[in-house]
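Novice: Got a predicted structure here, sequence first:
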Amino acid sequence: MNLKPLAEQTLVITGATSGIGLTTARLAAKEGAKVALVARNEKALRDLTDEIIAAGGQAIYAVADVANKSALQAASDKAIAEFGGYDTWVNNAGVSIYGRIMDVPEEDLRRLFETNLWGVVNGSKIAVEHLRSKGGALINVGSEASDASLPLQGLYAASKHAVKGFTNSLRMELEADGLPVSVTLIKPTATHTPFPEDARNYLSYEPKLPVPVYAPELVAEAILYCAEHAKREFFVGDMAKLNSVMALHTPRLYEKMNETMIDSRQNSGKKAEANRSDGLYATNSRLHERGAEERFVLENSLYQQTKFHPLLWSMLMVGGAFLAGLYIKERGSFAEIKPKKLVAAVK
């Protein structure tokens, strides 16, 4: 499947005024793509659009809650009217809830699914309807939690599992029908965005992302790479792959590890703020790419670079095999020499 170079594309990005969506929008515009920005915060959308245009880019915006299919369809229609269509649709908008499942009200759990799952379903169906004849890319932002559940964010993990199931089923159907639409699932690990600040909190402490934490630019780069290259899925951050592998192959070990750290890995050490704002029902975005808390952030990922450059991965594998061979050979030599030395020592 041939996808256009990024500089020739128009991208629709949901959740475009915060975190990963914001970083992706800015980077895409910098690379020459037209961007159609979708979010709930009109002021933030207007400011971001003005910023991109002032820097020489091309951008429009549409105010929409992704749970509202009609509003999302209007955003699609605006991108078609203003830019003549779009080539990539990025379903990025999402929210979380911190708290033990038994402590979270059912209406909040349902609202989370309205955004995280139904927002993706709505956006995907709208995008495919437009892309089915011209071709392009549909990119859904999942999570390592799409594979590896974690405590205290149970419904978030469930929603990301649902996004994975939906995305994989949709891909099979589109491929079976021969439609020229690439369908990709992005799976980031903990990313330094306002994610904990925007989440609703039912814990006695303020939550934080567990270490290690990666830069949002890495996720944006992965999204834009998949806009140009048809990929089934893309893990962002070495820990995303590691956690997914552990959850698949050693599920009980993975679960036990999380159980022993249930109130420590995601604990900021700060008492929960009373009446804190969040993004569950209304916008909480403030055009911040990164979280407010000072964290040590991994700005690069060797694993990701090998995905961008398969030749590098092949060279590393060959080099590793060569070094392993030398090590085994040397160990074999030592094994042959050691008994002689021992005999000499005895004599």
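Specialist: That came through fine.
Novice: can you pull the contacts of Arg46?
Specialist: By CB atoms under 8 Å, 6 or more residues apart in numbering, the residues touching Arg46 are Tyr61. In short, each C-beta sits where N, CA and C put it, glycine included.
Novice: Over to Thr191?
Specialist: Gly19, Ile20, Leu209, Val213, Tyr214, Ala215, Pro216, Leu218, Val219, Val236, Gly237.
Novice: buried ones in the host helix or strand of the second one?
Specialist: Taking DSSP states H and E as the criterion, Ile20 maps to helix 19-30. Taking 16 or more other CB atoms under 10 Å as the basis for neighbour counts, the residues of helix 19-30 that come out buried are Gly19, Ile20, Gly21, Leu22, Thr23, Thr24, Ala25, Arg26, Leu27, Ala28, Ala29.
Novice: so can I have JSON lines of those showing pLDDT and distance to Trp118?
Specialist: Shown next, in JSON lines, are the buried residues of helix 19-30 (pLDDT from 0 to 100; distance: CB to CB, whole Å):
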{"residue": "Gly19", "pLDDT": "98", "distance to Trp118": "20"}
{"residue": "Ile20", "pLDDT": "98", "distance to Trp118": "19"}
{"residue": "Gly21", "pLDDT": "98", "distance to Trp118": "17"}
{"residue": "Leu22", "pLDDT": "98", "distance to Trp118": "22"}
{"residue": "Thr23", "pLDDT": "98", "distance to Trp118": "24"}
{"residue": "Thr24", "pLDDT": "98", "distance to Trp118": "21"}
{"residue": "Ala25", "pLDDT": "98", "distance to Trp118": "22"}
{"residue": "Arg26", "pLDDT": "98", "distance to Trp118": "27"}
{"residue": "Leu27", "pLDDT": "98", "distance to Trp118": "27"}
{"residue": "Ala28", "pLDDT": "98", "distance to Trp118": "25"}
{"residue": "Ala29", "pLDDT": "98", "distance to Trp118": "28"}
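Novice: Which one of these is nearest to His192?
Specialist: Gly19 (8.9 Å; CB to CB).
Novice: nearest spatial neighbour of the closest one, skipping sequence neighbours?
Specialist: Excluding its sequence neighbours, the residue lying closest to Gly19 (CB to CB, 6 or more residues apart in numbering) is Thr193, at 3.1 Å.
Novice: Can you tell me the SS state at that neighbour?
Specialist: coil (DSSP: H, G, I helix; E, B strand; the rest coil).
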